[in-house]
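> Sequence plus predicted model, see below.
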Amino acid sequence: MAEQLPLHFEFRANQTFNDFFPGTNREIVTHLQRCVAGLGEQQIFLWGKSGLGKTHLLQACCHQAQRQNIRSFYFDLAHAELPDPAILDGLDEYDVVCFDNIECIAGNADWELAFFNFFNRHRDRGHKLIVSSCAAPNDLAIRLPDLKTRLNWGLALKIQPLTDSDRIAALIFKADQMGFEIAPQTGRFLLTHYDRDLAGLWALLEKLDKASLAAKRKLTVPFLKQILNEDSHD
Amino acid sequence: MSSIWNSCLSKLENEISGSDFSTWIRPLQAVETDGQIKLLAPNRFVLDWVKEHHFAKIEETIHEFSNGTLNLSLEIGSKTSSVAAATKIAKPAGTQKASPNYLNKAFTFDNFVEGKSNQLARAASMQVSENIGKAYNPLLIYGSSGLGKTHMMHAIGNAVLKKNPSANVVYLHSEKFVQDMVKALQQNAINAFKEFYRGVDVLLIDDIQFFAGKERSQEEFFHTFNTLLEKKHQVILTCDKYPKEIIGLEDRLKSRFGWGLPVLIEPPDMETRAAILMKKAALVNIELAQDVAFFIAKRIPSNVRDLEGALRRVIANAQFTGREITIEFTKEALHDLISLQDKLVNIDNIQKTVAEYFKIRVADLSSKNRKQSITRPRQMAMSLARELTSHSFPEIGDAFGGRDHTTVMNACKRITELKEADNKIAEDYSNLLRTLSH
């Protein structure tokens, strides 16, 4: 099997629903969109492995909320240290609140209690809560039973990894959005030679876009090999 | 929303990372007045962060879009609450017109599914709602999380209001009581706070275990409680355990909470769980077949919230795919959830948990030993295996040293009888069920 080459650059995607390639996760997108619009579930627990697009989807929810004049708040709990739970004060007034990586509060008694109190206040107002986690709600090591049962209460949706053919379709979709073309055989080459993690693939696309623009050449497999070969020698 | 702020947001969205933008910038609310744009942050934490990390960038963008005509300021507040906050002193919950009592009208006695596990609590609650201040005062409903205590409490409040719409009924979580009291102290409005809570006809306080360790709140609640009882006004409380077991709760409160009637809600049995599922489905106009309800009830043995979560998943999936809700479909929809549950609850796991609980060896459960100290845990483990797994009586018998299926059937029957007759056994069984279901 061909060796995977390391890539060291960052990519900042437009994190909206339009920029998300759903593949087998179309149901999740529908439920999130309905939830933000106030038509569907009051609480969604999105879980699954990292690198599948949970952060993208949560931010897409906030983006949609902004377009619909709905107040939203997003916070990623996966920091080296959890912030002061005072960050939860007043958030119950927000129509849509998204917490990324909720598993990070498990075992922290102050945060569990503060989140439980926030949950009740927010829910009593009929507002929407969307959380993401690497584990299913039942598998979270939350110690406060009152919080654990509440996290189990909502609609739990598991984000599925894309199949290889969906990954190729996703590469073509993303490239198209960025204004250039990728042929299916180019997509297959990228998948067999590089990390198949979506974030890594998007970063790779940005690199290829820049190189293609600079060289004014189409992204053929030989040109691809040349660019990536140069990159590995940088 | 301010159009200038909208333009600023569009620009900043491309200049600040998505995560930072969604956390610190997008949630700010803009209020534009003559010569000034005021951005409202939800709390001190967000305010300080924005000031330190993003203020200069925001200010520069605002100057650009307003041609330097607007000055920027940052404050804590929200568009809906900032005006009110500026004009009012701390008015405790329950005085606001929009939500006068915090009762959820959806929770009634009619849609509360009665089973053996909650029938006493339901009967007592109905009596209280018909004779406020007279039947049982205080009424204390206790039991593990997610079994319907809050539903019951709201049902009482709604029934009281139905009978007497002018009754002053207030529902709140214990944390809200503490929060209101702290606010009242800060704003020098403690007398208004006392007057408010001591003047209600029916006070419903949820999850009183969270008063633990909060001495000042306990003292205030103690006086509120006494005043209401003296006036023969009704107090209804919920707690996740019997109050005497709460560490950090003053003895005088523990003793008072036991004055009226403490009633326990236990985890629902399988028939009740199935009935709950069918009722919840009917509330959203879905007719859930009995076999599907039992299929879910058998696999989600823990509490009502878990059941509701599973049902939501099935209904959401059916609505998305347009498929009929059959057992096959339910299996697919709950695939992830059920495999987790199966992984957690199997006969091995039950035997290990029961042996640890009763401090015996796992091998004793499969042995020929007929001492009561071994047979009782063995019967309990068999009964739990029947309730929590999908194994048949013969399969369970095999797993317990090759016993006959009739032995398992008798064990299940015996445990059911003992649970009725002996509180200790009922408690042990309930503890084991809880341990295995989480």
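Here it is on my side, so go on.
> show me where the stretch 151-300 of chain B has strands.
Secondary structure of the stretch 151-300 of chain B (DSSP state E, counting those that start in this stretch): strands at B:169-173, B:202-206, B:234-239, B:261-264.
> What of chain A?
For chain A, applying DSSP state E gives strands covering A:43-47, A:72-76, A:96-100, A:128-133, A:155-158.
> which helices and strands does the first one pack with?
In this structure, strand A:43-47 makes packing contacts with helix A:26-36, helix A:54-67, strand A:128-133, helix A:145-153, strand A:155-158, judged by 3 or more Cβ pairs under 8 Å, 6 or more residues apart in numbering or on different chains; DSSP states H and E. Any C-beta I mention is one placed from the backbone N, CA and C, and that applies to glycine too.
> quick one: strands adjacent to the last one?
What it means is strand A:155-158. The pairing partners recorded for strand A:155-158 under DSSP bridges are strand A:43-47 (parallel).
> surely residue A:177 meets residue A:16?
No - using Cβ atoms under 8 Å, residue A:177 is not in contact with residue A:16, being 10.3 Å away.
> Now residue B:317. Its backbone dihedrals?
When read as degrees, to the nearest 10, the backbone of residue B:317 gives phi -70, psi -40.
> Mean pLDDT per helix and strand in chain A: which one sits at the bottom?
The helix or strand with the lowest mean pLDDT-type score in chain A, counting by mean pLDDT, DSSP states H and E, is helix A:221-233 (a mean of 75).
> Please identify the buried residues of stretch B:301-313?
B:301-313 (16 or more other Cβ atoms under 10 Å in any protein chain shown).
> From the residues you listed, which shows the smallest pLDDT?
For the buried residues of stretch B:301-313, the weakest pLDDT value sits at residue B:302, with 74.
> Now do the longest helix seen in chain A: distance to the chain's middle.
Counting by DSSP state H, the longest helix found in chain A is helix A:198-215. Distance of helix A:198-215 from its chain centroid, counting by Cα atoms, centre = their mean, to the nearest Å, is 19 Å.
> if you average pLDDT over that helix, what comes out?
80.
> how much does it deviate in direction from helix A:221-233?
Angle, helix A:198-215 to helix A:221-233, by axes from the mean of the first three to the mean of the last three Cα atoms, to 10 degrees: 110 degrees.
> What helices and strands are in contact with helix A:198-215?
helix A:164-178, helix A:221-233.
> so how far is residue A:129 from the residue nearest to residue A:109 when sequence neighbours are not counted?
In this structure, residue A:109 finds its nearest non-sequential neighbour in residue A:143, 7.0 Å apart by Cβ to Cβ, 6 or more residues apart in numbering or on different chains. According to Cβ to Cβ, to the nearest Å, residue A:143 and residue A:129 sit 20 Å apart.
> on that earlier part again, can you sort out which of the buried residues of stretch B:301-313 also neighbour chain A?
Filtering the buried residues of stretch B:301-313 for neighbours of chain A using Cβ under 8 Å from any Cβ of the partner chain leaves B:303, B:305-306, B:308-309, B:312-313.
> Tabulate the residues you listed (JSON lines), appending distance to residue A:65.
Below are those laid out as JSON lines (distance: Cβ to Cβ, whole Å):
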{"residue": "B:303", "distance to residue A:65": "31"}
{"residue": "B:305", "distance to residue A:65": "26"}
{"residue": "B:306", "distance to residue A:65": "29"}
{"residue": "B:308", "distance to residue A:65": "25"}
{"residue": "B:309", "distance to residue A:65": "24"}
{"residue": "B:312", "distance to residue A:65": "22"}
{"residue": "B:313", "distance to residue A:65": "24"}
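> Report the outermost residue of chain B with respect to its centre.
Largest separation from the mean C-alpha position in chain B: residue B:67, at 51.4 Å (Cα atoms, centre = their mean).
> so what's it up against?
Shown in contact with residue B:67 (Cβ atoms under 8 Å, 6 or more residues apart in numbering or on different chains): no residues.
> Any stretches of chain A with poor pLDDT?
For chain A, applying pLDDT under 70 flags the ranges A:1-14, A:195-196, A:231-234.
> redo that, cut-off 80
Applying pLDDT under 80 to chain A picks out residues A:1-14, A:80, A:191-200, A:218-219, A:227-234.
> circling back to that earlier point, who has more neighbours, residue A:143 and residue A:129?
Between residue A:143 and residue A:129, counted using other Cβ atoms under 10 Å in any protein chain shown, residue A:129 has the larger neighbour count: 25 against 12.
> hmm, back to that, farthest-apart pair in the buried residues of stretch B:301-313, please.
Largest separation among these by Cβ to Cβ: B:301 and B:312, giving 17.6 Å.
> What spatial separation is found between residue A:52 and residue B:207?
As defined by Cβ to Cβ, residue A:52 lies at a distance of 36 Å from residue B:207.
> Next: residue A:216.
Distance from residue A:216 to residue B:207, by Cβ to Cβ: 66 Å.
> How about residue A:209?
Using Cβ to Cβ, residue A:209 is found at 54 Å from residue B:207.
> Which of those two has more residues huddled nearby?
residue B:207 (20 against 17).
> The more buried one: what's it in contact with?
Taking Cβ under 8 Å, 6+ apart, we find residue B:207 in contact with A:146, B:173-175, B:238-240.
> and with 7 Å instead?
Neighbouring residues of residue B:207 by Cβ atoms under 7 Å, 6 or more residues apart in numbering or on different chains: A:146, B:173-174, B:238-240.
> Make JSON lines out of those and add neighbour count and distance to residue B:8.
Shown next, in JSON lines, are the contacts of residue B:207 (neighbours: other Cβ atoms under 10 Å in any protein chain shown; distance: Cβ to Cβ, whole Å):
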{"residue": "A:146", "neighbour count": "21", "distance to residue B:8": "41"}
{"residue": "B:173", "neighbour count": "23", "distance to residue B:8": "38"}
{"residue": "B:174", "neighbour count": "22", "distance to residue B:8": "42"}
{"residue": "B:238", "neighbour count": "24", "distance to residue B:8": "47"}
{"residue": "B:239", "neighbour count": "24", "distance to residue B:8": "49"}
{"residue": "B:240", "neighbour count": "20", "distance to residue B:8": "47"}
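> so residue B:394 makes contact with residue B:405?
Yes - applying Cβ atoms under 7 Å as the test, residue B:394 and residue B:405 come out as touching, 4.3 Å apart.
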